[in-house]
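Peer 1: Give me coordinates for this.
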Amino acid sequence: MKKEVIVTAKTIEQAVELGAAELKMKKENVTYSVIELPKKGFLGLGSTDAKVKVTGEMLPKDIAVGFLEKIIAHMNINAVPKVISETESEIKIDIIGENLGTLIGYHGEILDSMQYLTYLAVNKEDEEEGELSDKSDKLGNDKAERIDRSDKVSGIKISIDIENYRKKREETLQALAKKMAERVSKYGRSVTLEPMNAYERRIIHATIQDIDGVSTHSIGQDNDRKIVITKDMPIGGKPSFNSGARRPRPYYNSGSSGSFNRSNTERTTFGGNKFGDKNKQK
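Peer 2: Below you'll find the predicted structure:
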């Protein structure tokens, strides 16, 4: 992606240096064209500065970092984005600072939104940058809308983390999945988890796959999509019951004389029963 600025200075060389600094690029990585040559004038009168257009090819990591710096500055947070690794297909960025809970948000909602917007900034064309700036203004709201597109994107992948939040969240979700799977296995009742993004749902699915006797499936649409954990049916299709599960109703065995057995020690008859006999006595 190309970026350009127009700079004025006393000399062309100074203008190029100022332009490269404004683009946050090295001087040798930019090109320039002279719009106006500097004029010395006479006895210091009538002198004019040089006007130069400086152009630089922005690398994807530079675009990502620059975009994040604008968002962080807009939110008045003292933090710095730092590229920790870069390949042709993925850029990993860690945001370093203090009191960064605002950038993470509830269950990582702000962090997910910021990661997706940065992805757009890196992969979309120049004409969409104005739209991205408008969207970034929404990140400072307490009720920031969650953006879940991690399973639909292509291009250069952007991964952003803050204070190792991603790893901590993954461990939390794995523990939750194991706890809910144990509950489902014990009581035989399905459990529906709260809505999650695609990344978090994949963690739950992967964890449950390693647990025998339970399985998962997803329900809902878009931001309301959630996981249901269910108990697997045993061979034969009949549910099994254990000490923690709800017991089945008592089994009643019909007799040939219109009677039924509630247990081996209790017998009650219908039709000609003792209640009917009392009615006859009356």
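Peer 1: Do you have the helices of the stretch 151-282 of the chain handy? List them.
Peer 2: Secondary structure of the stretch 151-282 of the chain (DSSP state H, counting those that start in this stretch): helices at 165-187, 198-209, 274-281.
Peer 1: Quick one: the ones you listed as CSV, columns for distance to residue 42, mean neighbour count and mean pLDDT too.
Peer 2: (Glycine included, C-beta is placed from N, CA and C.) Formatted as CSV, those follow (distance: least, CB to CB, whole Å; neighbours: other CB atoms under 10 Å; pLDDT from 0 to 100):
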stretch, distance to residue 42, mean neighbour count, mean pLDDT
helix 165-187, 64, 16, 95
helix 198-209, 68, 17, 94
helix 274-281, 130, 9, 45
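Peer 1: can you redo these as CSV with distance to residue 53?
Peer 2: Compiled in CSV, these are given as follows (distance: least, CB to CB, whole Å):
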stretch, distance to residue 53
helix 165-187, 41
helix 198-209, 42
helix 274-281, 106
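Peer 1: Residue 23 against residue 54, yeah?
Peer 2: Yes. In this structure residue 23 lies within contact range of residue 54 using CB atoms under 8 Å: 6.7 Å.
Peer 1: Could I get the contacting residues of residue 173?
Peer 2: Taking CB atoms under 8 Å, 6 or more residues apart in numbering as the contact definition, residue 173 lies against 196, 200, 203, 204, 207.
Peer 1: got the residue ranges for the strands in the stretch 1-150 of the chain?
Peer 2: In the stretch 1-150 of the chain, strands defined by DSSP state E, counting those that start in this stretch lie at 2-9, 30-36, 50-57, 79-86, 90-97, listed in chain order.
Peer 1: Including mean neighbour count, distance to residue 186 and mean pLDDT, could those go into JSON lines?
Peer 2: JSON lines is the format used below for the strands of the stretch 1-150 of the chain (neighbours: other CB atoms under 10 Å; distance: least, CB to CB, whole Å; pLDDT from 0 to 100):
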{"stretch": "strand 2-9", "mean neighbour count": "16", "distance to residue 186": "60", "mean pLDDT": "89"}
{"stretch": "strand 30-36", "mean neighbour count": "14", "distance to residue 186": "66", "mean pLDDT": "91"}
{"stretch": "strand 50-57", "mean neighbour count": "19", "distance to residue 186": "60", "mean pLDDT": "92"}
{"stretch": "strand 79-86", "mean neighbour count": "15", "distance to residue 186": "42", "mean pLDDT": "95"}
{"stretch": "strand 90-97", "mean neighbour count": "17", "distance to residue 186": "40", "mean pLDDT": "96"}
